[in-house]
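> Sharing a sequence plus its predicted fold:
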Amino acid sequence: MKSAVFGRNFIDYLKPTWPYILAVFLIGQIQIGAVFYFPIDIQNFFNSIPYFLRLSQLLWAILIVISLFVVVRKYDFTFKQIQFLGLLYFIVFGVLKVFVRAVFLRHDLYYLLLGHESAPIISAPFVECFVYIFLITIVVGWGFLKDKEIAVKKEKINK
C-alpha cells in the first residue's frame, strides 16, 4: 500500500525534481566553502557578502523556478501538489540553510527560530527560509498553472 499526498506518492514528487534538488544542495555546499573562504563581517553584513554568494542565491532561486516549470508542464502538477512541493522544498533547502547557519556561523537555536530580540520574527532565519521558499514556490507555481490554463484555452479556440 502506497501512501499518497494529493494523489501522488513521495517518489512522484522527487522523481521530476531530484536534479534541481541536487544542484541546489551542491550550491549550498559551495556557499559553505565560500563562507569559510570569505570571512563575513556580521556588523556590516550585506556589504560584506561577496558577489559570488549573492549570485549563487539567485541561481538557487532560478533552479526552483525551473523545477516548477518542469512539474507543471511535463508532469501536470495541481496547485495543491505545488503547495506540497513547496513544503518539501522548505524541508530540504530551508532546514539545510538553518543547519548551515547553526553549525558554521555558530548561531544559537533562539536566534535561528525567533531571530534577534529587537527584530521582528520575520527576520528569524527559520521563518525567513520558510517564507522565501514557500512564497517562491506558490507564486511561481500559480503563475505557471495559469499560463498553462490560458494555453489550453487558446488551443481549444484554435481547433
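Happy to help now that I have it. Predicted, not measured: the structure shown is a model, and the values here were computed from it.

> in the protein, what secondary structure element scores lowest on mean pLDDT?
Lowest by mean pLDDT, DSSP states H and E among the helices and strands of the chain is helix 45-48, with a mean of 55.

> Phe6: how many residues sit nearby?
Phe6 has 15 neighbouring residues, counting by other Cβ atoms under 10 Å. C-beta: built from backbone N, CA, C; applies to glycine.

> That one: what's it in contact with?
78, 80-81, 84 (Cβ atoms under 8 Å, 6 or more residues apart in numbering).

> ok, so what distance separates Ala151 from Val65?
For Ala151, the distance to Val65 equals 18 Å [Cβ to Cβ, to the nearest Å].

> between those two, who's got more neighbours?
Val65 (17 against 11).

> Secondary structure element holding the more buried one?
helix 51-73 (DSSP states H and E).

> Would you mind writing the CA trace of that helix as PDB?
Below are the C-alpha coordinates for helix 51-73, written out as PDB (Å, rounded to 0.1, in the frame of the first residue of the first chain):
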ATOM      1  CA  TYR A  51      29.200  38.900  -5.000                       C
ATOM      2  CA  PHE A  52      29.500  35.200  -5.600                       C
ATOM      3  CA  LEU A  53      27.300  34.400  -2.600                       C
ATOM      4  CA  ARG A  54      24.600  36.700  -3.900                       C
ATOM      5  CA  LEU A  55      24.900  35.200  -7.400                       C
ATOM      6  CA  SER A  56      24.600  31.700  -6.000                       C
ATOM      7  CA  GLN A  57      21.400  32.700  -4.100                       C
ATOM      8  CA  LEU A  58      19.900  33.900  -7.400                       C
ATOM      9  CA  LEU A  59      20.900  30.700  -9.100                       C
ATOM     10  CA  TRP A  60      19.300  28.800  -6.300                       C
ATOM     11  CA  ALA A  61      16.000  30.600  -6.800                       C
ATOM     12  CA  ILE A  62      16.200  30.100 -10.600                       C
ATOM     13  CA  LEU A  63      16.600  26.400 -10.100                       C
ATOM     14  CA  ILE A  64      13.400  26.300  -8.000                       C
ATOM     15  CA  VAL A  65      11.600  28.200 -10.700                       C
ATOM     16  CA  ILE A  66      12.900  25.800 -13.400                       C
ATOM     17  CA  SER A  67      11.800  22.800 -11.400                       C
ATOM     18  CA  LEU A  68       8.300  24.300 -11.000                       C
ATOM     19  CA  PHE A  69       8.100  24.900 -14.700                       C
ATOM     20  CA  VAL A  70       9.000  21.200 -15.400                       C
ATOM     21  CA  VAL A  71       6.500  19.800 -12.900                       C
ATOM     22  CA  VAL A  72       3.700  22.000 -14.200                       C
ATOM     23  CA  ARG A  73       4.300  21.500 -17.900                       C
END
